[in-house]
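# predicted structure and sequence below. I'll ask about it afterward.
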Amino acid sequence: MHSLKSGYSKILFIRRDNIGDLICTTPSIYAVREKYPDAKIGILVNTYNADAISDNPDIDEVYIYEKAKHAPDKSKFSVWLNNLKVLQKIRKEKYDVAIGCGAYSPRLARYTLLTAAKTRIGYIKRDMKKSKFYNTPLYEPEKTLHEVEKTFNLLSPLGINGKPSGLRMFPDNAEVNKVKDFLNSAGFSKRKSLIAFHISSRRPENRWPVQRFVELTNLISANYPVNILLLWSPGSEKNVYHPGDDEKAEIIKNSIKPEPAAYKTTHVRELIAALSVSSLVVCCDGGAMHIAAALEKPIVTIWGSTNPDNWAPWGTRHIILKKNRNAAGISVEDAFAAVSTLLKQ
């Protein structure tokens, strides 16, 4: 374990992964801002997850690169060239510290080295004696930690210890107003609770069968005076690069009476806004769940293959429904009982 001097004024976080991973990093960014209020805090993220930290007052500069798989219409060379420009901009800034957030990966370690920061912090595997890329490496924790805690541990060389705060999320006011206008035009009563259903998840084993969403929604509507807001990952399931759930959303919309408000979110900031106006969220394990947790919404999560010890909703009331490694093992009755419990609270 290395301890650093406090003579640095520029600190960079690197978060290359998905939306949930980035949201789980926000307590660490907040802790650095609290400890070093005058430091410049930057973060390197990708085009896919960047919306999750927009308007975050703890961050001074956001650097956005693109993954080739997220840009199928561009040549790999042009993606690489643009990313090189982003790295050059970071190098010119001369960061004192760069923190590679997430489990050890050679690519993350290389990115951290390429920032040219004087001090480079990141995890290495327990069987590695040293790292070519990190000059302040930490061994990956032996015990299972939540991703929030695991990321927070990386701050120990900066003299930051203790417990992480809640997640940090700042919805865009213009987007929030758009959702409210949409719900008003759908004739939704403000006196009723608004339950948001987010039906998508990146991993197939984390997805709940579409017919169960239909049955659950009908069951809730028959028993509680609520409005239903339907949310999903946009795009066709036939899209090889970015498969979405347009088809599933259409099935649900056409199978439920009264018809739910189906709000198509083409950007993460729209999804954040939609979840921010909801009273309760029902979703699969994925980015939407972490957004809801950051917004401190009560959550029912239909769980699949990931480990809840690492990825449970952080800092909010929630019920996790998990039978095995597949979300399809969860019954409509289980989900309805969980929703009822949170509605009564």
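Cool, the structure landed.
# now residue 105, what are its backbone angles?
Note on residue 105: backbone dihedrals following degrees, to the nearest 10 are phi -150, psi 140.
# please report how far residue 63 lies from residue 219.
Using Cβ to Cβ, to the nearest Å, we find residue 63 at a distance of 46 Å from residue 219. Every C-beta, even on glycine, is put in place using the N, C-alpha and C of the backbone.
# ok, those two, which is more surrounded?
Each of residue 63 and residue 219 had its neighbours counted (other Cβ atoms under 10 Å), and the higher figure belongs to residue 63 (19 against 16).
# go ahead and name everything in contact with the helix ranked longest in the chain.
Taking residue count as the measure and DSSP state H as the definition, the longest helix of the chain comes out as helix 76-93. Helix 76-93 is touched from outside by 10, 12, 40, 42, 44, 61, 63-68, 71, 111, 114-116, with contacts defined as Cβ atoms under 8 Å, 6 or more residues apart in numbering.
# list the neighbouring strands of whichever helix or strand comes after it plus their orientation.
Once the chain leaves helix 76-93, the next helix or strand it forms, by DSSP states H and E, is strand 97-100. For strand 97-100, the paired strands and their directions (DSSP bridges) read strand 10-14 (parallel), strand 119-124 (parallel).
# thinking again about what came up before, what subset of the contacts of helix 76-93 is buried?
A residue is treated as buried here by neighbour count (16 or more other Cβ atoms under 10 Å); on that basis the buried members of the contacts of helix 76-93 are 10, 12, 40, 42, 44, 63, 65-66, 111, 114-116.
# may I ask which of those residues comes out lowest in pLDDT?
The member of the buried ones among the contacts of helix 76-93 with the lowest model confidence is residue 66, at 86 (criterion: pLDDT).
# quick one: contacts for that one?
Contacts here follow Cβ under 8 Å, 6+ apart; on that basis residue 66 touches 46-47, 74, 79, 82-83.
# farthest-apart pair in those, please.
46 and 74 (13.9 Å; Cβ to Cβ).
# neighbour-wise, which of the two wins?
Set residue 46 next to residue 74 and count neighbours by other Cβ under 10 Å: residue 46 wins out with 18 against 13.
# what values do phi and psi take at that one?
phi -110, psi 170.
# what residues of the helix or strand of the chain with the lowest mean pLDDT count as buried?
Least confident element among the helices and strands of the chain, by mean pLDDT, DSSP states H and E: helix 76-93 (a mean of 90). Residues of helix 76-93 classed as buried by neighbour count (16+ other Cβ under 10 Å): 79, 83, 87, 90, 93.
# what angle sits between that helix and strand 10-14?
Using axes from the mean of the first three to the mean of the last three Cα atoms, to 10 degrees, the direction of helix 76-93 lies 150 degrees away from that of strand 10-14.
# ok, back up a step: will you turn the strands paired with strand 97-100 into TSV that also has distance to residue 104?
What follows is the strands paired with strand 97-100, written out as TSV (distance: least, Cβ to Cβ, whole Å):
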stretch	distance to residue 104
strand 10-14	13
strand 119-124	5
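# wait, which of these is closest to residue 100?
strand 119-124 (3.3 Å).
# can you give me the offset of the closest one from its chain's centre?
Offset of strand 119-124 from its chain centre (Cα atoms, centre = their mean, to the nearest Å): 22 Å.
# what residues does the helix or strand just after that strand touch?
Using DSSP H and E, the helix or strand that follows strand 119-124 towards the C-terminus is strand 136-139. Residues from elsewhere that reach strand 136-139 (Cβ under 8 Å, 6+ apart): 1-2, 4, 119-126, 128, 130-131, 153-154, 156-157.
# filter those residues to the buried ones?
If we count by 16+ other Cβ under 10 Å, those have these buried: 4, 119-124, 131, 153-154, 156-157.
# for residue 223, state which of those is nearest.
Checking the buried ones among the contacts of strand 136-139 one by one against residue 223 (Cβ to Cβ), the nearest turns out to be residue 153, at 44.1 Å.
# let me see the contact set for the closest one.
For residue 153, the contact set (Cβ under 8 Å, 6+ apart) comprises 138, 141, 145.
# you'd agree residue 64 is in a strand?
Yes - the assignment for residue 64, made by DSSP: H, G, I helix; E, B strand; the rest coil, places it in a strand.
# how about the residue nearest to it when sequence neighbours are not counted, what does it touch?
Sequence neighbours aside, residue 50 is the residue nearest to residue 64 in space, at 5.0 Å (criterion: Cβ to Cβ, 6 or more residues apart in numbering). Applying Cβ under 8 Å, 6+ apart to residue 50 gives the contacts 62, 64, 268.
# with pLDDT and distance to residue 330 as added columns, please give these in CSV.
Written out in CSV, the entries for those read as follows (pLDDT from 0 to 100; distance: Cβ to Cβ, whole Å):
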residue, pLDDT, distance to residue 330
62, 98, 37
64, 94, 36
268, 95, 26
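# burial check on residue 174, number of neighbours?
Burial of residue 174 is recorded as 9 neighbouring residues (other Cβ under 10 Å).
# same check, this time on residue 100
Applying other Cβ under 10 Å, we find 30 residues neighbouring residue 100.
# show me what contacts it?
The contact partners of residue 100, by Cβ under 8 Å, 6+ apart, come to 14, 108-109, 111-112, 120-123, 134.
# now with 7 Å?
Residues near residue 100 by Cβ atoms under 7 Å, 6 or more residues apart in numbering: 14, 108-109, 111-112, 121-122, 134.
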